[in-house]
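Undergrad: output the structure for:
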Amino acid sequence: MVGDEARGEMNTFQRNESKESLFTFISTGDDPPKGDFHVQKKSPKLCGSNYPLSIAFIVVNEFCERFSYYGMRAVLTLYFISFFHWDENLSTAVYHAFSALCYFTPVIGAIMADSWLGKYKVLSMVGLFLIALGTGGIKPCVSAFGGDQFEEEHTSERSKFFSVFYLSINAGSLISTFVTPVLRGDVKCFGEDCYALAFGVPAALMVLALVVFIAGSGLYRKTPPQGNVLLEVCKCIGFAIKNRLKNRSHQIPKRDHWLDWASEQYSKQLIAEVKMVTRVLFLFLPLPMFWALFDQQGSRWTLQATKMNADFGIYVLQPDQMQFLNPLLILVFIPIFDLGLYPLISMCKFNFTPIRKMATGMILAGMAFGLAAIVEVKINETDMPQLVPKESLIQVLNLAKNPVQVTIQDQNLFQQPVEAFQNPDEYSHLILNGEQQSLRFILQHQGSSLAFNYTVKEKSVYSLIVFEAEGSLSSRLITDLEAKPENGLAAVRFINGLSQDVNLTIDSKQFIPVQRNYGVSGYSLVERDTYDNGKCITETGEFTLDLGLLDFGASYTVVITNVSGGGVQTWKSEDIKANNVHMAWQLPQYLLISAGEVMFSITGLAFSYSQSPASMKSVLQAGWLLTVAVGNTLVLVVAQAAPMAQWAEFVLFTVLLFAVCIIFSIMGYFYVSVDPEDLEEKEEKRETPSRGNMISLVTQKTKL
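TA: Residues are numbered from 1 along each chain as shown. Just a heads-up that it's a prediction; the model follows:
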């Protein structure tokens, strides 16, 4: 990902300083194939440098592909909620199921690259015919394919290439996560959010990525595949286990490692490489929990943003636009960490090993979710009260000219008279004796008392509107919204207090008819904005309708009381409070989780590849991506199997990650870093004496 980071890791756990960067993700195909030696052609250079011209096509291809992937994924959760009308848990589950699939398929892509097609053909064919599964074909291959373009003597240029490569990933992600939500929310298709355009532009960029990649075909150095390494590894492990179980007798000499039991059928080199791979894969076991938290930026954190105030003064952010902070912060943090933080730590004589860096990244991600839980608690303060069985909510809107005392059968509510046009502070709880109950409402007004009977259902929200009709007091029980409007929209309904029918338009798009004599309209969902140029059309003319600001997540009841002087006189009640927690409060959690990604992801890739043999780098990279898939699967399971309050879910993930961090730190404490080349040399040296002993043993037996 980053050249400077990679070189820093080399100083930590590589002895040979002239060896290429850890980010030269070489797959099986990078070793010379058996049989005839394949002579690679030299690629033209870029502007007289040692950089092959072919890498320009690879970097542009990666930018377009990442724009496509992250741009599409940025709006996916809100698409499920708005278009399919799924609830938050199901939308989150499907989002993470898709993410998991995208990270499971790299295993297939790595096998195809290493053993059958080679990296170039995988990128072309899979990207052309199966874009959905193409993510799996591209991820484990494209970085290694870029590394293949450099000649062996240009290791420093190869190292810098991976810095540029990682920057292209984050640049594509940064632009797409900012632009795609704008295409969704600011452009309207058939009067609604334009998801067609939001998905269409990333799709066009994916096609462009494929065109650019194929355009450079004549310049690429293409290393042929060597064989099905993953299958050989599995067979080697299986044979070792089977052979060990067959030879459990105490008379049979023990061997240094359980994989040594495969030596009867497999070469010492393959066994040594499998040992290195299994050591790294064992260290991967706790890692999925980090990704379980990290990838919730596109699901739970985006849903959290829909319940916040997104007005930044000069610009109003879309909820799914907050995700652009992660790639932006990555681009900022990489030079800060490489040029500032890590050198400063080294000056303090602290051995900040890769394991410690990754553990620190886990801690930062856990802290980010702790902050997300705190923000969620503050958001819930403006939510509607939780509806429970045998209980409902009610408020009184007094549209009469004088105070009204409201008494409800078997309830101890509204101790004080409700003033005329008094904005209710909050809903009151009605306790019922069953799923529904008929209640008697008594209204006392100017010395007179009137009674009305209404049937109230459990888990419902009501407004009792009191008004004067034909000189006497009357009332109506109407149903209110039970929860905040979704996606930061505002909800508004109208009560017509005039003696004539009216037709209303809010934003020149919505046409709302309301009947006379306190008729009530349905709710209309609108974008957060100031609506001061609406129209009210009556039998006597057309009048201006000024609603003022309809804020994020609020629900309003607007009562039309009179028309005069070319305008409409209204009274507006805020039934559900607007989102009062600003979206900027998400910034600290994005800062922490982005810093955690730099420490965890970049360091983890560098470390794992420094500890693995060159012949299985692409497969091991697929194994790394597999931890992301497992992490997304964990979120899917939690979202569907154990639904809970959102703040509690954030706390759960925080605790789980801290626990996993402790386990990973213990595993890392006992892990001994090795140089794969040195280990292979030792295995070769061990193999020679062992063969000598076998010959000597046979000779001695012959003499006897």
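
Undergrad: count the residues that sit near Lys357.
TA: Using other CB atoms under 10 Å, the number of residues around Lys357 comes to 24. Every C-beta, even on glycine, is put in place using the N, C-alpha and C of the backbone.

Undergrad: now do the contacts for it.
TA: Met599, Phe600, Thr603 (CB atoms under 8 Å, 6 or more residues apart in numbering).

Undergrad: buried residues of stretch 368-380, list them for me.
TA: Ala368, Phe369, Gly370, Leu371, Ala372, Ala373, Ile374, Val375, Glu376, Val377, Ile379 (16 or more other CB atoms under 10 Å).

Undergrad: just stretch 639-655 next, same as before
TA: Those would be Ala639, Gln646, Trp647, Glu649, Phe650, Val651, Phe653, Thr654, for stretch 639-655 by 16+ other CB under 10 Å.

Undergrad: can you check stretch 391-398 too?
TA: Ser392, Leu393, Ile394, Gln395, Val396, Leu397, Asn398.

Undergrad: which one of those residues is nearest to Val581?
TA: For these, the closest approach to Val581 (CB to CB) belongs to Leu393, at 22.2 Å.

Undergrad: tell me which element the closest one is part of?
TA: Using DSSP states H and E, Leu393 sits within strand 391-398.

Undergrad: tell me the strands beside that strand, with direction?
TA: strand 428-431 (antiparallel), strand 461-469 (parallel) (DSSP bridges).

Undergrad: which strands or helices does the very next helix or strand once past that strand pack on?
TA: Note on strand 391-398: by DSSP H and E, the next helix or strand toward the C-terminus is strand 405-408. With contacts taken as 3 or more CB pairs under 8 Å, 6 or more residues apart in numbering; DSSP states H and E, strand 405-408 sits against strand 436-445.

Undergrad: picking that back up, pick the one among the buried residues of stretch 639-655 closest to Val520.
TA: With CB to CB as the yardstick, the closest approach to Val520 among those comes from Gln646, at 32.4 Å.

Undergrad: ok, now which ones touch the nearest residue to Trp585 once chain neighbours are set aside?
TA: Counting by CB to CB, 6 or more residues apart in numbering, Trp585 lies nearest to Val375, which is 5.2 Å off, once chain neighbours are set aside. Residues counted as contacts of Val375 (CB under 8 Å, 6+ apart) are Gln304, Val581, Trp585, Gln586, Gln589.

Undergrad: identify the farthest-apart pair in these.
TA: Val581 and Gln589 (12.8 Å).

Undergrad: export the strand holding Leu393 as CSV, just CAs?
TA: Provided in CSV are the C-alpha atoms of strand 391-398 (Å, rounded to 0.1, in the frame of the first residue of the first chain):
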residue,chain,number,x,y,z
GLU,A,391,-49.6,1.4,25.8
SER,A,392,-50.1,4.3,23.4
LEU,A,393,-49.0,7.9,23.1
ILE,A,394,-51.2,11.0,22.9
GLN,A,395,-51.0,14.8,22.6
VAL,A,396,-53.6,17.5,22.6
LEU,A,397,-53.7,20.3,19.9
ASN,A,398,-56.1,23.0,21.1
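
Undergrad: from the chain's centroid, how far away is it?
TA: With CA atoms, centre = their mean, to the nearest Å as the basis, strand 391-398 stands 39 Å off its chain's centre.

Undergrad: in the chain, what helix or strand scores lowest on average pLDDT?
TA: Least confident helix or strand, the chain: helix 3-13 with a mean of 37, by mean pLDDT, DSSP states H and E.

Undergrad: past that helix, which element shows up next along the chain?
TA: helix 54-74.

Undergrad: quick check: which helices or strands does that following helix pack against?
TA: helix 88-115, helix 142-148, helix 155-185, helix 195-215.

Undergrad: averaging pLDDT over each of those helices, which comes out lowest?
TA: With a mean of 64, helix 142-148 has the lowest mean pLDDT of those.

Undergrad: in stretch 269-286, what's buried?
TA: For stretch 269-286, using 16+ other CB under 10 Å, the buried residues are 270-277, 279-281, 283-284, 286.

Undergrad: contacts for it next, please.
TA: 232-233, 236-237, 240, 257, 259-260, 262-263, 608, 611-613, 615-616, 619-620, 623-624, 626-627, 660-661, 663-664, 667-668, 671, 674, 676, 679-680, 683-684.

Undergrad: what mean pLDDT does it get?
TA: On average, stretch 269-286 scores 83.

Undergrad: could you do stretch 473-480 as well?
TA: 93.

Undergrad: in it, what counts as buried?
TA: For stretch 473-480, using 16+ other CB under 10 Å, the buried residues are Leu473, Ser474, Ser475, Arg476, Leu477, Asp480.

Undergrad: can you check stretch 512-524 too?
TA: Buried residues in stretch 512-524 (16+ other CB under 10 Å): Ile512, Val514, Tyr518, Gly519, Val520, Ser521, Tyr523, Ser524.

Undergrad: for whatever helix or strand Phe80 lives in, packing partners?
TA: Per DSSP H and E, Phe80 falls inside helix 76-83. Counting by 3+ CB pairs under 8 Å, 6+ apart, the packing neighbours recorded for helix 76-83 are helix 88-115, helix 195-215, helix 300-305.

Undergrad: highest average neighbour count across the ones you listed?
TA: Comparing those by mean neighbour count (mean count of other CB atoms under 10 Å), helix 300-305 comes out on top with a mean of 25.

Undergrad: farthest pair in the buried residues of stretch 512-524?
TA: Tyr518 and Ser524 (18.3 Å).

Undergrad: against which helices or strands is the host helix or strand of Ala595 packed?
TA: Assigned by DSSP H and E, Ala595 falls within helix 587-597. Judged by 3+ CB pairs under 8 Å, 6+ apart, the packing partners of helix 587-597 are helix 288-294, helix 325-336, helix 354-380.

Undergrad: can you add distance to Thr530 and give these back as JSON lines?
TA: Shown next, in JSON lines, are the helices and strands packed on helix 587-597 (distance: least, CB to CB, whole Å):
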{"stretch": "helix 288-294", "distance to Thr530": "38"}
{"stretch": "helix 325-336", "distance to Thr530": "27"}
{"stretch": "helix 354-380", "distance to Thr530": "24"}
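
Undergrad: among the ones you listed, which gets the worst mean confidence?
TA: The bottom spot among the helices and strands packed on helix 587-597, by mean pLDDT, belongs to helix 325-336, with a mean of 88.

Undergrad: ok so, going back, between the contacts of Val375, which sits nearest Thr561?
TA: Nearest to Thr561 among the contacts of Val375, with distances taken as CB to CB, is Val581, at 33.1 Å.
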